[in-house]
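Visitor: Got a predicted structure here, sequence first:
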Amino acid sequence: MARPRLASYRHSLALPSRTGLICRTDLHIAIHIREKHIRPEDMAVVIASSHCSSTMPPSDKPLRASRPAAQDAPVVSADGASATQLSPGTLLPNTPTPIKPTSVYAHSMRKAIEEADEVQQIIPDTSFLSNHLTECPQLLLDEVNASVKVKGWIDEIKEVTTEEQKLYKPVADLFTLISGTIHSSFTEAQRTAHHIPDKAMMFLDHHRCSLAHFPISNIDDKPDIVGVYPFKNGYTLHHDGSYREVPYHRVETIVEAKAIYGSDATPQVARYCYNALQARPDRPSFYGFSVKPQCFQIVFASPMGLFESEDLTWDNLSLLCAYIYSLYIPPDGHILHDTTIRFEERTDLGPPTWMISTPQGTYRRAEIVFVGHPWGRGTIVLRVVSPDGVVVMIKEYFSDSDRRYEEGELLDYIHENGFVPGTVRRRSVETVQSPNGGDLVFRSEDGMKVRRKRRLVLIDVGEDLRDAKSVNDLLMTMYDALEVHRTLAQECHVLHRDMSLYNILMYPQWGKTQNSKILKNAPPLIEDILAGEKKGDSSQARCLLIDFDNGAKLVLSKAKHAKEALRELQYRTGTPMYIARAVAIGAVFCTIGSFDFLPMPLLSGEAKSLYIKLHGSDRYNRYNDETRTFHGGVPPPGTSLSFSRKAKAMRFHHRWEYDAESVFWTMYSILLRVTPKECKTDLQTLAKDLTGDWDVLQAHTITNKSKTSSDHRHNLLCRPPEEFAEPFPAEMQGVATLLYELALQVCPCYAAMSPLPPTTITSTKLCSGSSCNTSWRTAIIQSHSSLARFARAGRRRTTPTKPCSTVGPMARRASSRGSAVGIPMNRKFSVVHYAFSRRMNQTCSAVSGCISFEKRRRGGERRSEI
């Protein structure tokens, strides 16, 4: 925590695993992996990186060294990749709750930023000089106005009509002269106090070439003019007098010029500022400038948003001089540089590495692996590899003063009674200090909102799910993620609220820590299931859950705390492509298919034997339904219409099963992009179905319209099994069956059952059940073993595949009664989570054993190979 796309931190964290019941689904996966005749190399997986487009990232989000993703970007959340937290106000039945503004990512299409609300709805500030600039001393202003060269360049600018390129040289020369005049006036004390370099900033014509070394992907930014400090080896000069490939990390300001009949340059300047802030973790704010022959405008971008001046004429140069003066000495509250992080000097203009100073020491050679929405939380994640090979992730972000929970504090709370396997840990957390002392802080003009820069150092890292080597590995990771998620909710009383492709990592690498104590009630993970005994080794976790920016405590004790926790759960947060349907609309989701309840899936064969061996038959039978129950709950009497009315009258709160649904959408989006290697299916025949399903996922947004009660993704869940499987090749039909069975568990509206599914968490008053998690795990386990039997039948492909490369939230439980603070509790998190696990386990074991994958393309997007 919309975002046109945040890069993910692919090498950062691992996914959580759930404590509590293990789904029989998960068991399936375990069994399949256990089959000795199935070679790991036969299950290689390569998942195509795809650009999901939209929000951020908030996240800013996960810690993994990654590449950018596109649609997944939009994260409506309480975080920076998300945005600011709005007052929830009074919640009425079926009224969407306030959402955190969606964000936009730099590597998305240009228009995504230029057409964002922050740009289109900006109102010019008539007091821009006093609010956002440092006024240039009158003596300097008089000197500039008296210059013959200045008058000549301004006349030259005013004479331009249709040929925009004629603006570049006079504007660059004018700004460079004013910059030199201002710089020469500074005393040594001023230069020291404001960290001003010895040489003046100069302005270069850069209209022919893109800026170099955007950290996450290639951005085709070709600003007309850039302000830079001199480089000792010089910048590359083009034959026509313009410069080329100036790197982002050396750009101090950007100027865009338009001819008299040209379009408005301000949206373009806003985009350049957006990208520059993402590329420079040492720059918390940034100035931009738009030029036209008849006027100019100044833009200021910071974590508080985007601000612009009115159109100003060339007759009065006071604001122009104030703009350049502010590049050296900004006004109070407008901090341009974070001096605790800076790029490391090199002899050429190659990609930068960063040096970060913290109270615990200095980190060198840090590389950016993730960027978030800069007009909000401004999350940037850097990866540092020490000389001895130890990897840490450093997360830089701005925290709202009104945020109830801080990620660093939540992680401390999670691990205070012992390490929770599958959950990221921190080394340190701090509030960054400003160059002149005190916290590095930005405030709104009315002083009501405050954002402080924070720095979080994480010691556990992992890889993107799209880097999976096999379907088997993916399913095992998802099983553990369900287990960890439920453990966090049940044992630690923390709800993630942003489970997605970016926040669930695999192949975790665990950092070293002095405290090796493991949580007493840590859950049995997939490796334990396969072994038939719980080993209690944290390294067994197949997942790493990261990015708790949007996490919330499920406080159980004092009424005051319970009310605060309830209020927090009324916020909607998540990543658009993966967010649960109810969270997206801010109401209990109830439509066709919402009343088609299914009983808890059953395990069979080896999957059942392994599960009972580890947990015992009492635990297994506890989640089996009776004649009239579904996941332990009972559908309300009456018609579907009365059921629907009851559901729509309920208030929205983030329930555990909503995170479970997010996990489903994550699985679906990954497996949809998989193509078996040497696939015999004609992929052209699948292209239409694939493209249609993918477009539905990628186009999903989080709306704030009060009457919206639909979600186009719901149609993907309610299709007949034959139609559901159409986008998948013949070799992937086992996987399609698994996803279909999980979809049947996701589809119903458990919140409206009466009585609700029972909770096994008697103390958790703010959550509903975890049965969804349980059913998923069950499906995974059963899947795993059935596919293994399929492989044994001799239909297994043995063609090895190359490993994939990529770029770079689940269920809950509750009581049958309403909680003390009015949140209905049911076992759905347990039930859905458990049902997922059962179904996944029963199906997965065979999937990865009999299938290997290669690239598959749809439209302009590359599909993953598994």
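Guide: That came in fine, so what should we check first?
Visitor: quick one: the strands in the stretch 401-550 of the chain?
Guide: 426-431, 441-443, 450-458, 461-463, 494-495, 504-509, 543-545 (DSSP state E, counting those that start in this stretch).
Visitor: Quick one: closest of those to residue 153.
Guide: Residue 153 lies closest to strand 441-443 among the strands of the stretch 401-550 of the chain, at 34.5 Å (C-beta to C-beta). For every residue, glycine as well, the C-beta is placed using N, CA and C.
Visitor: Mind checking the pLDDT average for the closest one?
Guide: In this model, strand 441-443 has a mean pLDDT of 94.
Visitor: List the contacts of the helix or strand hosting residue 722.
Guide: If you go by DSSP states H and E, residue 722 is part of helix 721-725. Contacts to helix 721-725, defined as C-beta atoms under 8 Å, 6 or more residues apart in numbering, come from residues 716, 733, 736, 737, 739, 740, 743.
Visitor: quick one on the thing from earlier: reformat the strands of the stretch 401-550 of the chain as TSV; add mean neighbour count and distance to residue 272.
Guide: Below are those laid out as TSV (neighbours: other C-beta atoms under 10 Å; distance: least, C-beta to C-beta, whole Å):
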stretch	mean neighbour count	distance to residue 272
strand 426-431	17	29
strand 441-443	18	20
strand 450-458	23	22
strand 461-463	30	32
strand 494-495	27	38
strand 504-509	28	32
strand 543-545	34	35
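Visitor: With distance to residue 564 added, can I get those in CSV?
Guide: CSV is the format used below for these (distance: least, C-beta to C-beta, whole Å):
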stretch, distance to residue 564
strand 426-431, 22
strand 441-443, 24
strand 450-458, 19
strand 461-463, 32
strand 494-495, 14
strand 504-509, 28
strand 543-545, 24
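Visitor: Which one of these lies nearest to residue 240?
Guide: Among these, strand 441-443 comes nearest to residue 240, with 40.1 Å by C-beta to C-beta.
Visitor: Report the strands that pair with that closest one, each with its relative direction.
Guide: strand 450-458 (antiparallel) (DSSP bridges).
Visitor: Give me the buried subset of the contacts of helix 721-725.
Guide: 716, 736, 737, 739, 740, 743 (16 or more other C-beta atoms under 10 Å).
Visitor: hang on, the first one packs against residue 696?
Guide: Yes - judged on C-beta atoms under 8 Å, residue 716 makes contact with residue 696 at a distance of 6.2 Å.
Visitor: that's a strand at residue 161, yeah?
Guide: No - Residue 161: not assigned to a strand; according to DSSP: H, G, I helix; E, B strand; the rest coil it is coil.
Visitor: ok, it - how many residues close by?
Guide: 12 (other C-beta atoms under 10 Å).
Visitor: ok, now residue 720?
Guide: So residue 720, with other C-beta under 10 Å, has 9 neighbours.
Visitor: roughly how far apart are residue 670 and residue 733?
Guide: 17 Å (C-beta to C-beta, to the nearest Å).
Visitor: Please read the previous query as pertaining to residue 163.
Guide: In this structure, residue 163 and residue 733 are 61 Å apart, going by C-beta to C-beta.
Visitor: what's the answer for residue 741, then?
Guide: From residue 741 to residue 733 the distance is 13 Å (C-beta to C-beta).
Visitor: which residues of the stretch 601-750 of the chain fall in strands?
Guide: Going by DSSP E, counting those that start in this stretch, the stretch 601-750 of the chain shows strands at 674-676.
Visitor: What ranges does it have for its helices?
Guide: Secondary structure of the stretch 601-750 of the chain (DSSP state H, counting those that start in this stretch): helices at 605-615, 617-622, 640-648, 656-671, 683-698, 714-717, 721-725, 733-746.
Visitor: could you dump those helices to JSON lines with distance to residue 242 and mean pLDDT?
Guide: What follows is those, written out as JSON lines (distance: least, C-beta to C-beta, whole Å; pLDDT from 0 to 100):
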{"stretch": "helix 605-615", "distance to residue 242": "66", "mean pLDDT": "85"}
{"stretch": "helix 617-622", "distance to residue 242": "71", "mean pLDDT": "84"}
{"stretch": "helix 640-648", "distance to residue 242": "61", "mean pLDDT": "74"}
{"stretch": "helix 656-671", "distance to residue 242": "43", "mean pLDDT": "93"}
{"stretch": "helix 683-698", "distance to residue 242": "37", "mean pLDDT": "84"}
{"stretch": "helix 714-717", "distance to residue 242": "50", "mean pLDDT": "90"}
{"stretch": "helix 721-725", "distance to residue 242": "55", "mean pLDDT": "92"}
{"stretch": "helix 733-746", "distance to residue 242": "53", "mean pLDDT": "90"}
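Visitor: quick one, what contacts residue 392?
Guide: 363, 383, 384, 386, 427, 457, 458, 459, 461, 511.
Visitor: Revised request: answer the last question for residue 443.
Guide: Here residue 443 is in contact with 304, 333, 449, 450, 451 (C-beta under 8 Å, 6+ apart).
Visitor: Pipe these into JSON lines and attach distance to residue 534 and pLDDT per row.
Guide: Output for the contacts of residue 443, formatted as JSON lines (distance: C-beta to C-beta, whole Å; pLDDT from 0 to 100):
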{"residue": "304", "distance to residue 534": "50", "pLDDT": "92"}
{"residue": "333", "distance to residue 534": "54", "pLDDT": "91"}
{"residue": "449", "distance to residue 534": "47", "pLDDT": "90"}
{"residue": "450", "distance to residue 534": "46", "pLDDT": "92"}
{"residue": "451", "distance to residue 534": "44", "pLDDT": "94"}
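Visitor: quick check, nearest of these to residue 639?
Guide: The closest of the contacts of residue 443, once distances to residue 639 are taken by C-beta to C-beta, is residue 449, at 47.6 Å.
Visitor: can you tell me how far that closest one sits from residue 572?
Guide: Distance from residue 449 to residue 572, by C-beta to C-beta: 19 Å.
Visitor: In the chain, where is pLDDT below threshold?
Guide: 1-112, 115-118, 120, 262, 536-539, 556-562, 704-709, 758-866 (pLDDT under 70).
Visitor: Swap in 50 and give it another go.
Guide: Within the chain, the segments meeting pLDDT under 50 span 1-109, 557, 760-769, 785-831, 843-866.
Visitor: now, which of the buried ones among the contacts of helix 721-725 sits nearest residue 664?
Guide: So of these, ranked by how close each gets to residue 664 (C-beta to C-beta), first place is residue 743, at 7.1 Å.
Visitor: Enumerate every residue touching the closest residue to that closest one other than its chain neighbours.
Guide: Excluding its sequence neighbours, the residue lying closest to residue 743 (C-beta to C-beta, 6 or more residues apart in numbering) is residue 717, at 4.5 Å. Residue 717 is in contact with 593, 743, 744, 746, 747, counting by C-beta under 8 Å, 6+ apart.
Visitor: mind listing what the last one touches?
Guide: With contact taken as C-beta under 8 Å, 6+ apart, residue 747 is in contact with 593, 594, 596, 714, 717, 718.
Visitor: How is the third one classified with respect to secondary structure?
Guide: Under three-state DSSP, residue 596 falls in the coil class.
Visitor: Check the burial of the closest residue to it other than its chain neighbours by counting its neighbours.
Guide: In space, and not counting its chain neighbours, residue 596 is closest to residue 748: 6.1 Å by C-beta to C-beta, 6+ apart. Using other C-beta under 10 Å, residue 748 has 25 neighbouring residues.
Visitor: Distance check, residue 748 against residue 588.
Guide: 12 Å.
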